[in-house]
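1. please find the sequence and the predicted model below.
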Amino acid sequence: MTTPLLPEPTAAIRCPSCGSEVTPTAAFCEVCGTRLDPVPDAPEAAPDVLEAPIELTRSVRAPAPGVTTAPTARPCTSCGGVVGLDGYCETCGTKALSERDHYTEQPAPWVAACCDKGVRHHRNEDASAVAADPEPGSRAVLVVCDGVSTSADSDVASLAAVQAARASLFTAQPVGMGTLVSRTAALAAAIQQAVERANEAVISNTVPGSDNPASCTFSAAVAIGDLVVFGNVGDSRTYWIPDPGGVERAAQLSVDDSVAQARMEMGVARKEAETGPQSHAITKWLGKDSPDFSAKTGSITVADPGWLLVCSDGLWNYASEASALQQLIQDLGGGGTDPLPICEALVRWANGQGGKDNITAALARLDPAPAA
C-alpha cells in the first residue's frame, strides 16, 4: 500500500496531507484535494481459504504471458451451490466472495504464502506468487507485489506482475561459473530480468491511453541452499528471520524506495519516519509512468535455521523491526516448521491490529547443513 494509513474509525479522521478533518467515506479532501481511501461501513466476514493458485478473471485486456484469465467454478459459501459467471450463486442468489479476497499457495511443504485484503479495503491489491522444488532447502522463489491504490486496475497489475516474475525466476536456473560470487551475480541478474518481465506485465494490463496507469511495488527472493538473493522496487520487503538462539540476528534485507527510507537515511528515527506525513509514498515503482524500475539487489548466505520472509507493508506496518517479526513468528508458530499456518497466522494477526491495508506474507523454511 502506498497511500497514508487511516486512523481507527473511532478517532477523528484527518487528511494525511493537510490535516483537515474528513468524513469516513470521502474520496477526496475538500480542503487540499488529496485522494483518500474511504473506510467501509463494516468489515466483511473472513472468506474461505483457496488452496489453488489464484487466477485473473478479467478479460478486457490481453493478459501477460503465463497469466490465465478463465474464471473457475467455485462453490457458494452459503449453500454449496455453483457460483455463476456474474458472481452470484445460481441456487440461493448469494453474492460470492472474490478469490482475491483471501488465498494461499503451498507448492512444497517448506514454502507457502497467504494474501488477504485486510479489514478496511474493498478489494485486494496485493498479490503473491511462490514456487519451490520438493526437496527442502533446494530452490524457492518468493514474489510479492503491492498495487498502488491511487492507480487504476492496480489489483490486476499486481497479480500479473507476480505471476510473470515467478515464471521468469523459476524457469531460469542461472548457475554462473560455479563460484559463490558468480552464482550470486547470475541470480541478481535473473531478478533484474524478472523485474523487467513484471513491468511488462503491468503495462500490458494497463488501459491504453490511461492518464492514471496501473502501478505496483515489487519484492522477490530466491533461495538455493544457504544462498539467498533478493531484490525490490518500492516498499514491499524481504527479511531474514533466524530461529532464536543462533549466531545470526534477524535482519531486514531489502531497502525501501520511499519517503520514509529517505528520512531514515537523514537520521530520523524509524518509528517517526514510518508514521510521519507521506511515509508510505514510494519513489520507485513498476508501471508505464515509472521513470526507473531497476531493482536494488543483494545477497546473504545463511548459517542458522530460520525463515525467509517476503511481505507487503500490510504486515510490516505493525511490526517493522526484524526483531519484532522474529518474536512474532516464534509466538504464532509455536516452534513449528510448516510455513502455511504461520503465514495465515501472520495475516490474522495483522487483521487483528486493524487490517488497515492488504496483507501478504510469503515464507520459505531454510535449514542449512552445519558447517564442517
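-> That came through fine.

2. I'd guessed residue 258 sits against residue 279; true?
-> Yes: using CB atoms under 8 Å, residue 258 is in contact with residue 279, at 7.4 Å. Every residue, glycine included, has its C-beta placed from N, CA and C.

3. between the two, point out the one with more neighbours.
-> Each of residue 258 and residue 279 has its neighbours counted (other CB atoms under 10 Å); residue 258 has more, 23 against 20.

4. what about the closest residue in space to that one that isn't next to it in sequence, distance to residue 218?
-> Distance criterion CB to CB, 6 or more residues apart in numbering; nearest residue to residue 258, sequence neighbours excluded, is residue 235 at 4.5 Å. The spacing between residue 235 and residue 218, counted by CB to CB, to the nearest Å, is 10 Å.

5. for residue 118, see how far away residue 100 is.
-> Noted for residue 100: a distance of 12 Å to residue 118, by CB to CB.

6. now the common contact residues for these two.
-> With contacts taken as CB atoms under 8 Å, 6 or more residues apart in numbering, residue 100 and residue 118 have residue 124 as neighbours in common.

7. number of residues surrounding the residue nearest to residue 258?
-> Neighbour tally, residue 235, other CB under 10 Å: 29.

8. so it is in contact with residue 280, correct?
-> Yes: the pair residue 235 and residue 280 passes the contact test of CB under 8 Å, sitting 6.8 Å apart.

9. am I right that residue 343 sits in a strand?
-> No: under DSSP: H, G, I helix; E, B strand; the rest coil, residue 343 sits outside any strand and is assigned helix.

10. once you drop chain neighbours, what's closest to it?
-> Nearest to residue 343 is residue 114, by CB to CB, 6+ apart, at 3.8 Å.

11. what's the helix or strand for the one you found?
-> In the assignment (DSSP states H and E), residue 114 maps to strand 111-116.

12. CA atoms only: put that strand into PDB for me.
-> What follows is strand 111-116 as a C-alpha-only set of coordinates in PDB (Å, rounded to 0.1, in the frame of the first residue of the first chain):
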ATOM      1  CA  VAL A 111       7.300 -22.800   1.100                       C
ATOM      2  CA  ALA A 112       3.900 -21.100   1.400                       C
ATOM      3  CA  ALA A 113       2.200 -17.700   1.000                       C
ATOM      4  CA  CYS A 114      -1.000 -16.100   2.200                       C
ATOM      5  CA  CYS A 115      -2.600 -13.000   0.700                       C
ATOM      6  CA  ASP A 116      -5.600 -11.100   2.200                       C
END
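
13. and the following helix or strand past it, what other elements does it pack with?
-> Following strand 111-116 in sequence order, the next helix or strand is strand 126-132 (DSSP H and E). When contacts are defined as 3 or more CB pairs under 8 Å, 6 or more residues apart in numbering; DSSP states H and E, strand 126-132 sits against strand 102-108, strand 111-116, strand 139-146, helix 154-171, strand 359-366.

14. ok, now which ones touch residue 238?
-> So residue 238 contacts 142, 219, 220, 221, 230, 232, 252, 253, 254, 308, 309, 310 (CB under 8 Å, 6+ apart).

15. recalculate using a threshold of 10 Å.
-> 142, 144, 219-221, 228-232, 251-255, 298, 300, 308-311, 362 (CB atoms under 10 Å, 6 or more residues apart in numbering).

16. partners of the helix or strand where it lies, with directions?
-> In this assignment (DSSP H and E), residue 238 forms part of strand 237-242. Looking at strand 237-242 with DSSP bridges, its partner strands are strand 251-252 (antiparallel), strand 306-311 (antiparallel).

17. quick one: mean pLDDT over the lengthiest helix in the chain.
-> Scanning the chain for the longest helix, with DSSP state H as the assignment, gives helix 180-204. The average of the pLDDT scores along helix 180-204 is 95.

18. just the buried residues of it, please?
-> Using 16 or more other CB atoms under 10 Å as the test for burial, helix 180-204 gives 183-188, 190-191, 194-204.

19. do stretch 253-271 as well
-> Buried, per 16+ other CB under 10 Å, within stretch 253-271: 253, 254, 256, 257, 258, 259, 260, 261, 263, 264.

20. centre of the chain versus stretch 330-341, how much separation?
-> Its chain's average C-alpha position is 20 Å from that of stretch 330-341, according to CA atoms, centre = their mean, to the nearest Å.

21. please save the CA atoms from that stretch in PDB.
-> In PDB, the C-alpha atoms belonging to stretch 330-341 read as follows (Å, rounded to 0.1, in the frame of the first residue of the first chain):
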ATOM      1  CA  GLN A 330       8.100 -17.500  17.300                       C
ATOM      2  CA  ASP A 331       4.900 -16.700  19.200                       C
ATOM      3  CA  LEU A 332       2.500 -17.500  16.400                       C
ATOM      4  CA  GLY A 333       4.400 -20.500  15.000                       C
ATOM      5  CA  GLY A 334       5.000 -22.200  18.300                       C
ATOM      6  CA  GLY A 335       8.200 -23.700  17.100                       C
ATOM      7  CA  GLY A 336       6.500 -25.300  14.100                       C
ATOM      8  CA  THR A 337       8.200 -25.500  10.700                       C
ATOM      9  CA  ASP A 338       5.200 -25.700   8.400                       C
ATOM     10  CA  PRO A 339       5.100 -22.200   6.700                       C
ATOM     11  CA  LEU A 340       1.400 -22.200   5.700                       C
ATOM     12  CA  PRO A 341      -0.200 -22.000   9.100                       C
END
